[in-house]
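1. Next one to model:
(2 chains)
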Amino acid sequence: MLKASVNGLFSKKKTTSRSRPFREYYSEWFNLLKNSLLPRLRLSIHGSSIAQLSTQVDVVRAHFHSYYDALDLAAQNDGVAQLLFPDWRNPLEKPFLWLGDLHPYLFTNLLRSFLENDDANEEDDDQNDVVFEELAGRVLGNDELFNRPWHIVMAWKNASEAALMGRIEQIECGLRLMVPALVARARKAQAGFVEAIAEDWAAGKREAAEEAVGRALTGQMEEMVGVFVDANRLRRSVLAEIVGATSVYQAALFLEGLAQFLVGFRDPDLVGEFESCKVPLSKISRFQSL
Amino acid sequence: MKSHFSRKHFEEGDFGQRKKDGFTLSTEDDGEDETDCLAETFNCISLHRRDPTKQEVSLEKYGRWRQEQKNRAAKLEKQLKARWELEELIEEQLNSFHAHYNRSMVPNQLKDIPQLLMPKWAPTYELAAMSWLGDWRPSAILDLVLILVRSLPSSLPSYTSDSPGAEQLLSQFIHEIRIEETIIDEEMAEIQATCILHLPFGPMNIKPGGTGGALACVQSVFKNIERVITKAQELRFKALELVLKKVLSHIDAAEFLVAFQEIQDSIHQFAVNHRRKRGPVSVPFKALGST
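-> Coordinates of the predicted model:
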């Protein structure tokens, strides 16, 4: 792998712009998020400057956008198959990839969880202070972060909550149309490929089967690039709409949660335990939805 | 048909020739009337001949006829046996699909799940071409059969006999299997879309106290994925079973199994070669924009 990466890094394509393996790019992108952007966002959440927080929110949002741009670029360079089944993702992450990355509903579900969690806690009016502290603690998942500024603790408690819920519903309404359409396009592309191969086979071109596969795949991959790029466009636009529809505090907490989630997927201890776990699945009970 | 036809003529000609050479028994000096009478008798027991006046009865001829019948019966028996063998082979193949999809390729441990969804043994080109939850898309198997049924009648008489019925049946099965695929797709999408609420590193669900609790949480989410994979494998087997048992005759089923295998092989081979030539996917340096 290392050899392949090095070869890729110093590849023969001197005439075009320099490029590097996506695996390497992703690792760098992830480390930047984990080691620099997420800590800086957290610092700003603690800080008192709304301008600084706003800047950090923009930086993290742009970081996610740049990742989807990079996916698009790589896909158009004959890489869509590898991007749909990325071997640089660890075994814990792989099952949760939908068309190569996070499912777009995940973003709206995260946003909803902040609002709904807040509603659930509101029912306990008697112990407001305790509840808010607990809310902040759970949101941030870190004891040190209990002492968050009041405006952050109150981020989901402003008057525009109903409007935000309405906005989420609009976004989800769009997703309800677009997600199944993308899945159907991917399925049709696969069916088209199998049909083309079968026709060639039936026409007696068995000797040139590999050639026929190549021809049929070229057509199918073009369609898969389209599907993948559109899936990324959807993810990008949902993120942009969420950041656009929320206050700067809400957006900061949302992006922090999302970044923390990605970091959690690559926690070496948890991934290690996952890989070495010998407990048969038959002895585990299913997760019951909330 | 053509070859059978010409052999029949040859045998009759042969018969006529022998008579001329005098390889006959006892009737040579009998009167014409008697010959005619015998000829009529032979006509009655349906011996094939063109010219009744040339009929001769001989032990050798009868023996030869018996031998021919024996040979033909032996050939028929052989073909019947071959047919039974073909049926057995198809049954065996179906059983092996059952064992593969419903026993071997179901996840037992956590790490099996990512391995089944993105198997290392299949290059990404192969996965992108046809995989659905890690293996053949069930409806694509039926799409493949439909094309074969439509395309092969000219070379395979057995397809023509039943092709309108088979096509109709297949279209109906494709419709039904696609609905089941969509249901499974939705279940998987639900897990993928809500994992941020349930995995131990989602902001609402962070588990205190080390990774022990976290792993238990991961296990229960993966248990849901296991259920989806198991259903997907069952559906793949169901698609194959429908094709082999309900749609195709044994000959056609055998043809399909050969085609299925060869097509799979050529896709795999192409994908392996492509991976070797293509190398890892790359991205221009400028793409890391936000730093």
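
2. only C-alpha atoms for contact and neighbour calcs from this point on.
-> Noted.

3. can I assume A:Leu164 is in contact with A:Thr246?
-> Yes: if you go by Cα atoms under 8 Å, A:Leu164 and A:Thr246 touch, sitting 7.0 Å apart.

4. Look up the pLDDT of the residue nearest in space to the middle of chain A for me, please.
-> With distances taken as Cα atoms, centre = their mean, A:Leu102 lies nearest the centre of chain A, 3.5 Å away. For A:Leu102, the pLDDT comes out at 98.

5. so who does it touch?
-> A:Phe96, A:Arg235, B:Gln192, B:Ala193 (Cα atoms under 8 Å, 6 or more residues apart in numbering or on different chains).

6. farthest pair in the residues you listed?
-> Farthest-apart pair in these is A:Phe96 and A:Arg235; separation 14.5 Å (Cα to Cα).

7. how near is the residue nearest to the centre of chain A to A:Pro39?
-> Separation of A:Leu102 from A:Pro39 (Cα to Cα, to the nearest Å) stands at 22 Å.

8. okay, and for the stretch 1-150 of chain B, where does confidence drop off?
-> B:1-55 (pLDDT under 70).

9. Need the phi and psi values for B:Asn102.
-> phi -100, psi -10 (degrees, to the nearest 10).

10. my guess is it contacts B:Thr230, does it?
-> Yes: counting by Cα under 8 Å, B:Asn102 does reach B:Thr230; the two are 7.3 Å apart.

11. Who are the contact partners of residue 241?
-> Let's take chain A. Per Cα under 8 Å, 6+ apart, neighbours of A:Glu241: A:Ile171.

12. look at chain B instead
-> B:Leu94.

13. And the strand or helix carrying it, what's buried?
-> Assessed by DSSP states H and E, B:Glu241 sits inside helix B:212-241. For helix B:212-241, a neighbour-count test (16 or more other Cα atoms under 10 Å in any protein chain shown) marks B:214-241 as buried.

14. Near chain A, which residues of the stretch 51-200 of chain B? Just list them.
-> B:107-111, B:113-115, B:117-118, B:124-125, B:127-130, B:139-140, B:143-144, B:147-148, B:151-152, B:189, B:191-197 (Cα under 8 Å from any Cα of the partner chain).

15. ok, now how distant is A:Ser48 from chain B?
-> 23 Å (Cα to the nearest Cα, to the nearest Å).

16. make that A:Val229, sorry
-> On the measure of Cα to the nearest Cα, A:Val229 and chain B end up 15 Å apart.

17. Kindly report the same for A:Arg61.
-> A:Arg61 is 9 Å from chain B, by Cα to the nearest Cα.

18. Tally up the residues packed near whichever residue of the stretch 101-250 of chain A sits closest to chain B, please.
-> Closest to chain B within the stretch 101-250 of chain A is A:Leu106: 4.3 Å, counting by Cα to the nearest Cα. Neighbour count of A:Leu106, defined by other Cα atoms under 10 Å in any protein chain shown: 22.

19. likewise B:Pro284?
-> Residues near B:Pro284, counting by other Cα under 10 Å: 18.

20. what packs against the host helix or strand of A:Gln170?
-> Assigned by DSSP H and E, A:Gln170 belongs to helix A:161-202. If contacts are counted by 3 or more Cα pairs under 8 Å, 6 or more residues apart in numbering or on different chains; DSSP states H and E, helix A:161-202 sits against helix A:104-122, helix A:209-245, helix B:124-130, helix B:138-151, helix B:250-278.

21. Can you tell me which of those helices is packed in deepest?
-> Comparing the helices and strands packed on helix A:161-202 by mean neighbour count (mean count of other Cα atoms under 10 Å in any protein chain shown), helix B:124-130 ranks first with a mean of 25.

22. CA-only coordinates of that one in PDB, if you can.
-> Output of helix B:124-130 as PDB, limited to C-alpha atoms (Å, rounded to 0.1, in the frame of the first residue of the first chain):
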ATOM      1  CA  THR B 124     -14.100  -2.100  -6.500                       C
ATOM      2  CA  TYR B 125     -14.900  -2.100 -10.300                       C
ATOM      3  CA  GLU B 126     -16.700  -5.400  -9.800                       C
ATOM      4  CA  LEU B 127     -18.500  -4.100  -6.800                       C
ATOM      5  CA  ALA B 128     -19.600  -0.900  -8.500                       C
ATOM      6  CA  ALA B 129     -20.700  -2.900 -11.500                       C
ATOM      7  CA  MET B 130     -23.200  -5.200  -9.900                       C
END
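
23. Give me the sheet partners of the helix or strand following that helix and which way each runs.
-> Following helix B:124-130 in sequence order, the next helix or strand is strand B:131-132 (DSSP H and E). Strand B:131-132 has its sheet partners listed here by DSSP bridges as strand B:135-136 (antiparallel).

24. returning to what we had before: now do the helix holding B:Glu241 against helix B:250-278, angle only.
-> 130 degrees (axes from the mean of the first three to the mean of the last three Cα atoms, to 10 degrees).

25. just the angle between helix B:212-241 and helix B:138-151, please?
-> Using the same axes, to 10 degrees: helix B:212-241 against helix B:138-151 is 20 degrees.

26. what's the average pLDDT for helix B:212-241?
-> Taken as a whole, helix B:212-241 has a mean pLDDT of 94.

27. What of stretch A:236-251?
-> 95.

28. Format the helices and strands packed on helix A:161-202 as JSON lines; extra columns: distance to B:Ala73.
-> Formatted as JSON lines, those follow (distance: least, Cα to Cα, whole Å):
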{"stretch": "helix A:104-122", "distance to B:Ala73": "68"}
{"stretch": "helix A:209-245", "distance to B:Ala73": "40"}
{"stretch": "helix B:124-130", "distance to B:Ala73": "47"}
{"stretch": "helix B:138-151", "distance to B:Ala73": "32"}
{"stretch": "helix B:250-278", "distance to B:Ala73": "21"}
